[in-house]
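J.: fold the following, please.
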Amino acid sequence: MSNGGQGSRSDEAQSERINRELIELLNELRVALPGVQVLFAFLLTVPFSQGFVKTTEFQRDLLFGVLAATAISAALLIAPSAWHRLRFRQRDKELILSVANRMAIAGLGFLAMAMVGAVMLIANYAFSETLTVISGIIAFLVFGGLWYVFPLARIVEQSD
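T.: Numbers count the residues shown, from 1 in each chain. A predicted model of the protein is given here:
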């Protein structure tokens, strides 16, 4: 029996809930990881393309920042799988779930930063400084709104 979709079932034992939530989290990470991998692969090829030799210092710095944010995102989003694989027999599932949830949220934050930076890098390289700022603001609002503000606003709405 469901309790209105609030995250657990009334007849579900704590161990069952932890197992279910951990499986759900690991499945959610499978959705985010291809985006990180594609972005990372793109960023690794950019410096070796012929056109990239004509870049400004700002563009090179931004590329490195996006690359670093993508690498940190990948580390944070892959870490829960590693934790689960290394600790699952030690009866640490609740700890794994708690830490993995925080890592996933942080990893998505770094992925959002990397995506915003990538949009800005392309806008700056191919178009103009003005479009760099405008596209960066729009990308920030889209990622921030969809990934953080709207979900957290729903939490606030439910607590009223």
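J.: for the residue most central in space within the chain, which non-adjacent residue is spatially closest?
T.: Central residue of the chain (C-alpha atoms, centre = their mean): Leu108, 1.7 Å from the mean position. Of all residues not flanking Leu108 in the chain, Trp147 sits nearest, at 5.9 Å (C-beta to C-beta, 6 or more residues apart in numbering). Heads up, the C-betas are built off the backbone N, CA and C, glycines and all.
J.: repeat that for Glu12.
T.: Arg20 is the one closest to Glu12 (C-beta to C-beta, 6+ apart), at 7.3 Å.
J.: what helix or strand is that neighbour on?
T.: Taking DSSP states H and E as the criterion, Arg20 maps to helix 14-45.
J.: how far does the helix or strand following that helix sit from the chain's center?
T.: Helices and strands here follow DSSP H and E; after helix 14-45, the next one along the chain is helix 57-87. Centroid displacement of helix 57-87 relative to its chain, using C-alpha atoms, centre = their mean, to the nearest Å, is 9 Å.
J.: now the angle from the helix holding Arg20 to helix 57-87?
T.: Helix 14-45 runs at 150 degrees relative to helix 57-87, counting by axes from the mean of the first three to the mean of the last three C-alpha atoms, to 10 degrees.
J.: what packs against helix 14-45?
T.: helix 57-87, helix 93-126 (3 or more C-beta pairs under 8 Å, 6 or more residues apart in numbering; DSSP states H and E).
J.: run through this protein and note the low-pLDDT ranges.
T.: Within the chain, the segments meeting pLDDT under 70 span 1-11, 51, 155-160.
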